[in-house]
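Asks: missing the sequence, but the structure's below:
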């Protein structure tokens, strides 16, 4: 086996540290996770962490950026592999159903934003990452409406912001009352929101086949949530 170059070795170390950080942050939360704990979990020294990331905040931001890059790539793949508006919708709802299973990560991001986001340079980097992610999501919303043959009712980025805020709020509500506020409200709420904007698409029937109950009658729709 050929020896890794210095650059390849550094990339491998960085990737392993990010993998370890993802596990530790998810398990301990942002505040309780320490650089020492992350280094130990990755079988590296504390110095190895700081040679790749200047701080715990920088490590978390790098992890967030990696995960968002993966999400953005998945969004682009949904558009590339979809022929109709219904295909795009199904891709989006499938993505949100996956998010429901790891909704606690939304709380982790909120915790970081509250604790570290008060510092201007950290807050700016955080905002830049989410701005880029919203643009990617707005792009798929544009494709959804174009293929449905309907005009956007508002700027695509504004719609993306509303959906992101709705998901984040539901994550907080779920954490406070998981028995009443179920995980499935994430995809169901996104579905209801998009159905209200695209009634001619037949979203209700399409989503029913996707195991996300939604009814056309407004009273029944509210009751199903």
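Replies: Done, it's in. Just so you know, these numbers come straight off a predicted model, no measurement behind them.

Asks: what's downstream of the helix or strand where residue 106 lies, the next helix or strand?
Replies: Using DSSP states H and E, residue 106 falls within helix 104-116. Next helix or strand after helix 104-116 toward the C-terminus (DSSP H and E): helix 120-148.

Asks: buried ones in that following helix?
Replies: 122, 125-126, 129, 133-134, 136-145, 147-148 (16 or more other Cβ atoms under 10 Å). Heads up, the C-betas are built off the backbone N, CA and C, glycines and all.

Asks: hmm, back to that, now the helix holding residue 106, how far from the chain's geometric center?
Replies: On the basis of Cα atoms, centre = their mean, to the nearest Å, helix 104-116 sits 12 Å off its chain's mean C-alpha point.

Asks: What helices and strands are in contact with it?
Replies: Counting contacts by 3 or more Cβ pairs under 8 Å, 6 or more residues apart in numbering; DSSP states H and E, helix 104-116 packs against helix 6-28, helix 56-81, helix 120-148, helix 156-176.

Asks: Can you give the domain ranges for the protein?
Replies: 1-53, 56-224 (automatic domain parsing).

Asks: follow-up on the earlier one: figure out which of the helices and strands packed on helix 104-116 is closest to residue 38.
Replies: helix 6-28 (4.9 Å; Cβ to Cβ).

Asks: name the helices or strands packed onto that closest one?
Replies: helix 35-41, helix 46-52, helix 56-81, helix 104-116.

Asks: Just checking, which helix or strand of the protein averages the lowest pLDDT?
Replies: helix 218-224 (a mean of 35; mean pLDDT, DSSP states H and E).

Asks: how near is the closest residue in space to residue 152 that isn't next to it in sequence to residue 179?
Replies: Using Cβ to Cβ, 6 or more residues apart in numbering and skipping residues adjacent in sequence, the residue nearest residue 152 is residue 145, 5.1 Å away. To residue 179, residue 145 is 36 Å away according to Cβ to Cβ, to the nearest Å.
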